[in-house]
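*Asks:* how would this look folded up:
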Amino acid sequence: MPEKLVRLAAHAGQSATRLTTYGGVEPRSLSLPGIETDRPLPEQWAHSIRRFLDENTDLEVHTVTLGASGLGRETAHDLLPLLAGTPVRRVVLAHDSVTNYLGAIGDGEGCVISANTGTICLAVGPRDTARVDGWGHLLGDAGSAYWIGRTGLEAALRGHDGRRQMTALTAAMREVFPELESAYLDLQAAPDRVARIARFADVVAELSASDRVAGNILDKAAAHLSEAVQAAIRRAHLSAPQPPRVAAVGSVFRHERVLRRFTDYLTLQWPSFALCEPAGGPVDGAAALHALDPAHPLYSRLTAAER
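*Replies:* Here you go, the predicted structure:
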């Protein structure tokens with residue numbers, strides 16, 4: 001019989017799904033593969049939660065708070081029935097832009113931009129919130145690892161064709177795809193093509209110090225990311241004194257050139273600007289959903305269901 005009542009916080013991203021207990025017990029965590037946004041999401045979330053429950057049968061998880069990448073029309077009411085037969089009685093669900101925000105900054109005013117495989121930015125003012133980008137790899141995600149990787153691969157092929165200046169990216173692409181002229185066919189057939197293209201961002205970053213084309217790609221990514229922050233802050237009508245609190249999270253910001261250029265661009269807008277250090281991660285933000293004040297501007301961006 002389960003002995004301990006706990007809550008479970010989860011972040012379902014494209015790179016990984018992470019679940020952690022909170023509230024009264026020693027935290028237990030589980031990392032699983034990321035979700036595939038071109039497949040139904042609630043079933044994937046439920047599978048991950050059930051996997052955690054199966055591995056922790058001595059715990060009675062009564063509440064699940066979840067931040068999810070790719071969230072569209074899905075609500076907590078779509079997830080809760082899929083957990084029938086488990087101890088879960090309440091589910092709180094939000095887009096991972098919300099949980100990224102709460103994890104990094106808390107419930108105060110500011111802006112958080114996340115750049116991993118995809119990109120999304122969220123700003124919160126006293127009454128308004130504003131989301132910028134997060135429109136997926138087909139229509140958006142400017143400055144993301146996918147965007148950097150795809151732009152790098154395109155530049156490599158342009159160099160191969162002789163349409164642009166020669167770049168070391170061409171040789172680097174050939175190391176990944178020895179048959180360069182069939183690379184596009186390989187990627188079109190690959191179910192993990194988004195992740196594979198995003199991984200090439202690391203190659204672009206490695207060459208950025210010595211290759212002008214690669215360096216320019218990172219600079220353009222930083223410009224896209226800073227543009228998203230400025231747009232979100234403008235639309236959210238922040239009341240706090242300038243410069244605003246901004247946190248930058250995600251794998252793209254681990255590339256020093258992107259982070260430096262990104263900060264430089266925002267300093268042009270706010271001369272005394274400085275990034276704030278994220279207080280926590282998206283799983284911490286998911287845990288914060290449980291106690292979010294209904295009067296908070298972000299509350300309208302979550303759904304809850306219980307039985």
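*Asks:* Spell out which residues make up each domain of this structure.
*Replies:* 4-95+282-306, 107-278 (automatic domain parsing).
*Asks:* Which stretches in the protein count as helices?
*Replies:* For the chain, the helices defined by DSSP state H cover 41-55, 76-79, 96-104, 136-139, 145-161, 168-176, 183-189, 193-207, 212-236, 256-269, 282-288.
*Asks:* quick one, which of those is packed in tightest?
*Replies:* By mean neighbour count, with neighbours taken as mean count of other C-beta atoms under 10 Å, helix 96-104 ranks first of those at a mean of 29. Backbone N, C-alpha and C define where each C-beta goes, glycine included.
*Asks:* what sits up against that one?
*Replies:* By C-beta atoms under 8 Å, 6 or more residues apart in numbering, the surrounding residues in contact with helix 96-104 are 11-13, 67-69, 71, 110, 112, 114, 120-122, 124, 131, 134, 247, 249, 278-286, 288-289, 292, 298, 301-302.
*Asks:* Which of these are buried, as a PyMOL select command?
*Replies:* Command for PyMOL that selects the buried part of the contacts of helix 96-104, burial taken from 16 or more other C-beta atoms under 10 Å:
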select buried, resi 11+12+13+67+68+69+71+110+112+114+120+121+122+124+131+134+247+249+278+280+281+282+283+284+285+286+288+289+292+298+301+302
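*Asks:* So which of the contacts of helix 96-104 are in strands?
*Replies:* With DSSP state E as the criterion, strands contain 11-12, 67-68, 110, 112, 114, 120-122, 124, 131, 247, 249, 302 from among these.
*Asks:* now, the most widely separated pair of those residues?
*Replies:* 12 and 110 (23.9 Å; C-beta to C-beta).
*Asks:* Name the residues that touch stretch 173-184?
*Replies:* Under the contact criterion C-beta under 8 Å, 6+ apart, stretch 173-184 has outside partners 152, 153, 156, 157, 160, 170, 186, 200, 203.
*Asks:* pLDDT value on the second one, please?
*Replies:* What the model reports for residue 153 is a pLDDT of 95.
*Asks:* before we move on, back to that, between the contacts of stretch 173-184, which sits nearest residue 272?
*Replies:* For the contacts of stretch 173-184, the residue nearest residue 272 by C-beta to C-beta is residue 152; the value is 33.9 Å.
*Asks:* wait, doesn't that closest one sit right on residue 170?
*Replies:* No - using C-beta atoms under 8 Å, residue 152 is not in contact with residue 170, being 10.2 Å away.
*Asks:* Please report how far residue 278 lies from residue 6.
*Replies:* Distance from residue 278 to residue 6, counting by C-beta to C-beta, to the nearest Å: 25 Å.
*Asks:* Next: residue 175.
*Replies:* Applying C-beta to C-beta, one obtains 47 Å for the distance of residue 175 from residue 6.
*Asks:* cool, and residue 284?
*Replies:* Going from residue 284 to residue 6 by C-beta to C-beta gives 16 Å.
*Asks:* what do you get for residue 228?
*Replies:* Here the distance between residue 228 and residue 6 works out to 36 Å (C-beta to C-beta).
*Asks:* what do you get for residue 230?
*Replies:* Residue 230 sits 41 Å away from residue 6, going by C-beta to C-beta.
*Asks:* Name the nearest residue to residue 119, sequence neighbours excluded.
*Replies:* Once its chain neighbours are removed from consideration, residue 119 has its nearest residue in residue 144; the separation is 4.0 Å (C-beta to C-beta, 6 or more residues apart in numbering).
*Asks:* so what's the one you found up against?
*Replies:* When contacts are counted by C-beta under 8 Å, 6+ apart, residue 144 touches 115, 116, 117, 118, 119, 137, 198, 221, 252.
*Asks:* can you put the residues you listed in CSV and add pLDDT and distance to residue 166?
*Replies:* As requested, those are exported to CSV (pLDDT from 0 to 100; distance: C-beta to C-beta, whole Å):
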residue, pLDDT, distance to residue 166
115, 93, 29
116, 88, 31
117, 88, 29
118, 88, 31
119, 91, 29
137, 85, 27
198, 93, 25
221, 97, 22
252, 95, 26
